[in-house]
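Student: sequence? don't have it. structure:
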Ligand code: ADP
Ligand code: 5GP
């Protein structure tokens, strides 16, 4: 198994202080897998739980993987200003509950968001100190294999997600750091180091 490669340079923060880190990358690249691997060894790493209008996949639990809400509830979250950022992705809406993130940052704890490109751009605007990390696939064909192999989406939804992936891959240079997900173990280690 080859090692993960860091591409690009990152403006290194002057001090290692708790901060907000955003992990983005195309659907199927392995974001959830990497984060789950890292948190298995380091359960203290706090990951924001997003709200979504997407239906749960088998095994996904409300309040753990997402807060699963209907369209009306999501509208209310937006109207009440309860979301730090939100976006529509491949036919569903996703958003980051604001207060939990602010509470963690205020307590001096590092915060990790796993969100799409549109959300990452919103965070960059509203919180310029945030660290933006892009998770890239080793190749396009491998991304297609992973997304298809996961077996959680219909062919139509896979097509929508691959269309979004082309846009996300083209935006890699907007991020501070790129990690290539060749080895889950290596990327999880690199991500942990970036959080600290
Ligand atoms: P994302 O959260 O980015 O949508 P997932 O974490 O669900 O992606 O991963 C998509 C699929 O790719 C899963 O089946 C997962 O097991 C697989 N996968 C993730 N990382 C790797 C890797 N480094 N090598 C091979 N397969 C991987
Ligand atoms: P999935 O349906 O595969 O769980 O997630 C689809 C996409 O939505 C992924 O790129 C994921 O990172 C993104 N996503 C998950 N939660 C949020 C969120 O709160 N905000 C935004 N903008 N994107 C999110």
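Tutor: Yes, it's here. All of these numbers come straight from a predicted model, not from anything done at the bench. Ligands and ions are numbered 1, 2, ... in the order given.
Student: so how far is the helix or strand that contains residue 132 off the chain centroid?
Tutor: Using DSSP states H and E, the element containing residue 132 is strand 131-136. Remark: strand 131-136 is offset 8 Å from the chain centroid, using CA atoms, centre = their mean, to the nearest Å.
Student: low-confidence ranges, the protein, go.
Tutor: Scanning the chain for pLDDT under 70 picks out 1-18.
Student: residues from it in reach of ligand 2?
Tutor: Proximity of the chain to ligand 2 is confined to 27, 31, 50, 54, 85-87, 89, 94-96, 114-116, 118-119 under the rule CB under 6 Å from any ligand atom. Any C-beta I mention is one placed from the backbone N, CA and C, and that applies to glycine too.
Student: between those residues, which is nearest residue 73?
Tutor: residue 95 (10.8 Å; CB to CB).
Student: mind listing what's buried along the helix or strand where that closest one lies?
Tutor: Using DSSP H and E, the element containing residue 95 is strand 92-97. By neighbour count on 16 or more other CB atoms under 10 Å, the buried set for strand 92-97 is 93, 94, 95, 96, 97.
Student: what does that strand rub up against?
Tutor: 48-54, 67, 71, 74, 77-78, 82-88, 113, 115-116, 119 (CB atoms under 8 Å, 6 or more residues apart in numbering).
Student: with stretch 74-91 instead?
Tutor: So stretch 74-91 is contacted by 27, 51, 53, 69, 93-99, 101-102, 115-116, 118-119, 122-123, 126, 157, 160-161, 164 (CB under 8 Å, 6+ apart).
Student: in that stretch, what's buried?
Tutor: Buried residues in stretch 74-91 (16+ other CB under 10 Å): 74, 77, 83, 84, 85, 86, 87, 89, 90.
Student: now check that stretch, is it near ligand 1?
Tutor: No. Using CB under 6 Å from any ligand atom, stretch 74-91 stays clear of ligand 1, coming no nearer than 10.7 Å.
Student: can you give me the end-to-end span of that stretch?
Tutor: Stretch 74-91 has its terminal residues 14 Å apart, counting by CA to CA, to the nearest Å.
Student: hmm, back to that, ok, the strand holding residue 95: who's next to it in the sheet?
Tutor: strand 51-52 (antiparallel), strand 83-89 (antiparallel) (DSSP bridges).
Student: moving C-terminal from the first one, which element do we reach first?
Tutor: I take that to be strand 51-52. Counting by DSSP H and E, what follows strand 51-52 is strand 67-68.
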